[in-house]
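Enquirer: The sequence isn't on hand, but the structure is:
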Ligand code: GDP
Ligand code: MG
């Protein structure tokens, strides 16, 4: 994938003390191939490469003490810029309700995302959305939204499938005003392909409801096709934002990287799974570092925050940033991760997780967690703080004390070390960026 490919190239120069123009050229060739392989639009690639090249052969990099890291920083910044730079928030109408039209092809995830968005607006923004079932064509589409409504205990407006979508939208707006809803989310019909009939109907709904937001839902797995779909919808209807769904799947990243550049509309949300809480505001900067394999600490921390108390999460964030992490933190983190659900997804957000072969694709089950716990508990306080104390005889003692094997102890110490190393690198790059908000 893109991440692995870029990683390989970047790792080769990461530690280099001196980088020549030839190195830069060589590297840019690799980056170019990686991006094309990830199904990024070729025009976008061309422009991207020329921007990075220009900066990479400039003073900023060649005269720096750590040119390898500087280039990674440049690539990271340009990837971020490519995806829109800043996080782009959902519209808020000056006079409620804010009307949001969900549009897109069949199967892209409109209905699911409507439910997720309603949930997000209530949970994170204290809003009171009304979902509207305006897909009268797909069998069971109304039922699907109503089921989501029940599950969330949130209202869904529907009039069956004998009334036109335009009529439904009109009535829904009246209902929303009556019941003081501050958001109206209209789930529209999709087609297999962009066609005139569909666009005509969407246009009518648009005319009638004057939406504050037209969110195009596209399936990230479809790569370049997603970008083409976005271009058509934007040309014909005008869209204000994109929701990229199925980013939890094995996507090549091409859609995320091209959609903003091609349509000049920001990606506002990312769908990360089928469940109603699997929607995240899209952060270009975090996506860029995820693509570069540096992990997505902030998202991980936000997840942790929802599951553990804030104090703990803050402390964990500080420790991650400063790489000042102990075995106790490591253990606690594994425990939290376990209670946070889909482990693969979470691990992929951990800095260096991609490289932690021992952790990747591993099911951290109760038994294993028990072993890790036993190992950490068999360490002295000093050892937990400072792994460099862990010489062979201490490791033997720990294995014995925990009822595990030397191999298991060694593996854990190695994983811990790699995680710490990645954190240090990240913290270093963070400093290089100056006082920019957010971070990774
Ligand atoms: P619609 O035709 O555009 O309304 O699409 P649906 O909302 O019915 O979704 C189509 C399928 O994609 C369903 O099986 C959803 O569960 C699934 N889906 C939607 N969003 C995501 C996502 O972010 N991740 C994953 N893995 N599946 C998704
Ligand atoms: Mg649908």
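Expert: Thanks, I have the structure now. As the structure is a computational prediction, the values presented were derived from the model and not from experiment. Ligands and ions are numbered 1, 2, ... in the order given.

Enquirer: Any idea how many residues pack against the residue of the stretch 101-250 of the chain found nearest ligand 2?
Expert: Closest to ligand 2 within the stretch 101-250 of the chain is residue 111: 3.3 Å, counting by Cβ to the ion. The way it works is simple: take the backbone N, C-alpha and C, and place the C-beta from them, glycine included. For residue 111, the neighbour count with other Cβ atoms under 10 Å is 25.

Enquirer: how about it, what does it touch?
Expert: Each residue near residue 111 by Cβ atoms under 8 Å, 6 or more residues apart in numbering is listed here: 135, 141, 144, 145, 148, 187.

Enquirer: farthest-separated two in the residues you listed?
Expert: 135 and 148 (12.7 Å; Cβ to Cβ).

Enquirer: more neighbours, the two?
Expert: residue 135 (25 against 22).

Enquirer: Including distance to ligand 2, could the contacts of residue 111 go into CSV?
Expert: Output for those, formatted as CSV (distance: Cβ to the ion, whole Å):
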residue, distance to ligand 2
135, 5
141, 5
144, 6
145, 7
148, 10
187, 6
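
Enquirer: can you pull the contacts of the spatially closest residue to residue 201 that is not a sequence neighbour?
Expert: Using Cβ to Cβ, 6 or more residues apart in numbering and skipping the chain neighbours, the partner closest in space to residue 201 is residue 165 (6.1 Å). Contacts for residue 165 (Cβ under 8 Å, 6+ apart) come out as 134, 135, 136, 188, 189, 201, 204, 205.

Enquirer: quick one: the closest residue to the first one other than its chain neighbours from residue 137, how far?
Expert: This points to residue 134. The shortest distance from residue 134 to any non-neighbouring residue, by Cβ to Cβ, 6+ apart, is to residue 165 (4.2 Å). Counting by Cβ to Cβ, to the nearest Å, the gap from residue 165 to residue 137 is 9 Å.

Enquirer: so what sits against both of these two?
Expert: In contact with both residue 165 and residue 137: residue 189, using Cβ under 8 Å, 6+ apart.

Enquirer: quick one: pLDDT of the residue of the stretch 101-250 of the chain closest to ligand 2?
Expert: We note a pLDDT of 97 for residue 111 in this prediction.

Enquirer: let's number from 28 now, not from 1
Expert: Okay, residue one is now 28; in that scheme the one you just asked about reads as residue 138.

Enquirer: Okay, and it sits in which element?
Expert: helix 137-152 (DSSP states H and E).

Enquirer: Mind giving me the packing neighbours of the helix or strand that that helix is followed by?
Expert: The helix or strand immediately downstream of helix 137-152 is strand 156-161, counting by DSSP H and E. Here strand 156-161 touches helix 137-152, helix 168-179, strand 183-184, helix 192-205, strand 210-215, going by 3 or more Cβ pairs under 8 Å, 6 or more residues apart in numbering; DSSP states H and E.

Enquirer: where do the helices sit along the stretch 278-427 of the chain?
Expert: For the stretch 278-427 of the chain, the helices defined by DSSP state H, counting those that start in this stretch cover 281-290, 311-318, 324-334, 337-349, 354-366, 370-374, 393-404, 408-412, 419-429.

Enquirer: where's whatever residue of the chain ends up closest to ligand 1 relative to residue 138, distance?
Expert: For the chain, the residue closest to ligand 1 is residue 298, as judged by Cβ to the nearest ligand atom, at 2.5 Å. Distance, residue 298 to residue 138, using Cβ to Cβ: 12 Å.
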